[in-house]
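S.K.: Turn this into a structure:
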Amino acid sequence: MKKLIYILSFTLLGCTNSVPENSIEKVPVVDSKKLDKIQVLNVGFFHFGSTSDATKVEFDENNAKEQEEIRKLSIQLAKFKPTIICLEYLPEIDNDINKAYQDFLKNPSELSMQYGELSMVGFDVARMSGLVKVYGIDNHMNYNYSVGDFIENSPELTNAIDPATYLEITNNPLKAYPELEKRSSNFDNLSLLEKLALINNPIMLDYSLNANADKLFYVGIDDNFVGADQAALFYHRNMKIYSNLNRIKMNKNDRVLILMGSAHTAMLREFMNRSPKYEMVNSLDYLK
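M.R.: Take a look at the predicted model:
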């Protein structure tokens, strides 16, 4: 079976000029819980069934044991008590998805495999939470994850920016994190909850941004920005996903569960960390 490989890289930014401590105005910090922010459980997934993603996890959603694990996962996520569930599908097909959800409610003893993890997990958590519908927040844009690999494998082309760093990120997975590397190398043997706990580890979420976009900042031909241009499309897509989330009418009593591919989860985390509207709960608390 294929192993799921993760790659990590960190860039440290430093300041060369120091400022005397007594010259910095002390700004009081307000407890975020006093701001009544909307609680969000932001969970990253691998895709069940077929996927166009660069990384494919082997997972047989038809297997009885796998389905039992999916049911256990859904029970864990339902403990969050979501009032809104957002899934990785286009808002344009909302009627089709929610028709499938209503069909599932008529016979919930059988998981709906029509839309992979979206229906197998998303529908079941929505059912247990008493929700009448789910929401799609995805947006599709074409971009090339592999432009750096293409340049490296083309003798007539030269990466003129920083091939050493690009190759370090590509070829040295989890170099600084041997324990995570050990767990990743055993990925196929982990339970579903263990797989998702690994994927949603904060270090792994940082990795997913590197693997999907940030390592392309080290890629270019001559004086162009072919890598950065492709990375920008990834960021642009996720900005639109975040905007779709914000289209949903909600109030501060709502509790939002988001189930998406881990790279989107990582990017939404970045946006919500700075948001005056949302406060994320620790997803690992629900993946035990």
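S.K.: Could I get the full set of helices for the chain?
M.R.: In the chain, helices defined by DSSP state H lie at 64-78, 94-106, 117, 124-128, 147-152, 163-171, 178-185, 192-199, 202-212, 226-247, 262-273, listed in chain order.
S.K.: The second one - what's its average pLDDT?
M.R.: I take that to be helix 94-106. Averaging pLDDT along helix 94-106 gives 97.
S.K.: Pull the lowest-mean-pLDDT helix or strand in the chain out as CSV, backbone CA atoms only.
M.R.: Between all helices and strands in the chain, the lowest mean by mean pLDDT, DSSP states H and E belongs to helix 178-185, at a mean of 89. Presented in CSV, the C-alpha positions along helix 178-185 are these (Å, rounded to 0.1, in the frame of the first residue of the first chain):
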residue,chain,number,x,y,z
PRO,A,178,11.4,11.9,13.9
GLU,A,179,8.4,10.9,16.0
LEU,A,180,5.9,12.2,13.4
GLU,A,181,8.0,10.7,10.6
LYS,A,182,7.7,7.3,12.4
ARG,A,183,3.9,7.6,12.6
SER,A,184,3.7,8.8,9.0
SER,A,185,5.7,5.8,7.7
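S.K.: which other helices and strands contact it?
M.R.: helix 192-199 (3 or more Cβ pairs under 8 Å, 6 or more residues apart in numbering; DSSP states H and E). Just so you know, the C-beta spots here come from the backbone N, C-alpha and C atoms, and that holds for glycine as well.
S.K.: Name the residues of the helix it packs on that are buried.
M.R.: 192, 194, 195, 196, 197, 198, 199 (16 or more other Cβ atoms under 10 Å).
S.K.: what angle sits between that helix and helix 178-185?
M.R.: With axes from the mean of the first three to the mean of the last three Cα atoms, to 10 degrees defining the directions, helix 192-199 sits at 130 degrees from helix 178-185.
S.K.: From the chain's centroid, how far away is helix 192-199?
M.R.: Relative to the centre of its chain, helix 192-199 is centred 13 Å away, using Cα atoms, centre = their mean, to the nearest Å.
S.K.: Next, the angle from it to helix 262-273.
M.R.: Using the same axes, to 10 degrees, helix 192-199 lies at 60 degrees relative to helix 262-273.
S.K.: And the strands in the stretch 1-150 of the chain, which stretches?
M.R.: 38-45, 84-87, 135-136 (DSSP state E, counting those that start in this stretch).
S.K.: Check what contacts the longest one and list those residues.
M.R.: Counting by Cβ atoms under 8 Å, 6 or more residues apart in numbering, the neighbours of strand 38-45 from elsewhere in the structure are 77, 80, 82, 117, 121, 196, 199-200, 205, 208, 250-252, 254-266, 268-269, 272, 277-281, 283, 286-287.
S.K.: Return a ChimeraX selection command for the buried portion of those residues.
M.R.: To isolate the buried members of those in ChimeraX, using 16+ other Cβ under 10 Å:
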select :77,80,82,117,121,196,199,200,205,208,250,255,256,257,258,259,260,261,262,263,264,265,266,268,269,272,278,279,280,283,286,287
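S.K.: on that earlier part again, residue 88 is nearest to which of the helices of the chain?
M.R.: Residue 88 sits nearest to helix 262-273 of all the helices of the chain, at 6.8 Å, using Cβ to Cβ.
S.K.: I'd like to know which of the helices of the chain is closest to residue 135.
M.R.: Judging the helices of the chain by Cβ to Cβ, what sits closest to residue 135 is helix 94-106, at 7.2 Å.
S.K.: tell me what the very next helix or strand once past that closest one is packed against?
M.R.: Toward the C-terminus, helix 94-106 is succeeded by helix 117 as the next helix or strand (DSSP states H and E). If contacts are counted by 3+ Cβ pairs under 8 Å, 6+ apart, helix 117 sits against no helix or strand.
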